[in-house]
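Novice: One predicted model, sequence on top.
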Amino acid sequence: QYLIELSERGLSPEEAGQLPVFMHTVNDCERFSDHAVNIVELAERKDQLRVSISEDAQNELQEMLERLGQMVTEVSQALAQKDRNAAKRALEIEDYLNHRQIELQQQHVRRLNHGECSMQAGLLFLDFVDNMEEMGDKLANIAEAVISGLRWER
């Protein structure tokens, strides 16, 4: 709401150029939090249904979560200090998360084929992975905004 009200004021060309980036960044933050809520709901569903996820799958999810946490740290630093190097490091992590999502999907299929997990556990696992990867996408958008100097270049 603040950004909308701000857009109705007389802004300098520089401020006007930054406004779309700020609006998109706020939207990315909101979407990031939506995916975080999804993860909490998935964890609650897992507990309610008493679904057991294999130790390998738990380790894989933990590893993705740790990488996502590193990405949050890098993006926070990038924003706070307009640190393009931190933003670039965040994008490297996001690239890793994209590749890891595909690998984990393949490993999940292998576990299913070998009877190492239930269909229900597998679906929850994939939902966890997909939500974390989407969170990485939102953080990547913010990192790209920092790299562009918080200027709208489209």
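Specialist: Yep, it's here. None of the values given here were measured: they were computed from a predicted structure. Numbering: from 1, shown residues only.

Novice: When you work out contacts or count neighbours from here on, use the C-alpha atoms and nothing else.
Specialist: Will do.

Novice: From residue 149, how far out is the most centrally placed residue in the chain?
Specialist: Ranked by distance to the mean C-alpha position of the chain (CA atoms, centre = their mean), the top residue is residue 135 at 1.4 Å. With distances taken as CA to CA, to the nearest Å, residue 135 is found 22 Å from residue 149.

Novice: Who are the packing partners of the longest helix along the chain?
Specialist: When the chain is scanned for its longest helix (criterion: DSSP state H), the result is helix 13-48. Packing contacts for helix 13-48, counted by 3 or more CA pairs under 8 Å, 6 or more residues apart in numbering; DSSP states H and E, involve helix 2-7, helix 119-147.

Novice: Mind picking out the helix or strand in this protein with the poorest mean pLDDT?
Specialist: Across the helices and strands of the chain, mean pLDDT, DSSP states H and E gives its lowest value to helix 2-7, namely a mean of 73.

Novice: That one - contacts with which helices or strands?
Specialist: For helix 2-7, the elements it packs on are helix 13-48, judged by 3+ CA pairs under 8 Å, 6+ apart.

Novice: Residue 132 reaches residue 68, doesn't it?
Specialist: Yes. Here residue 132 reaches residue 68: they are 7.2 Å apart, a contact under CA atoms under 8 Å.

Novice: higher neighbour count, those two?
Specialist: residue 132 (24 against 21; other CA atoms under 10 Å).

Novice: any idea how far the more buried one is from residue 143?
Specialist: Residue 132 sits 16 Å away from residue 143, going by CA to CA.
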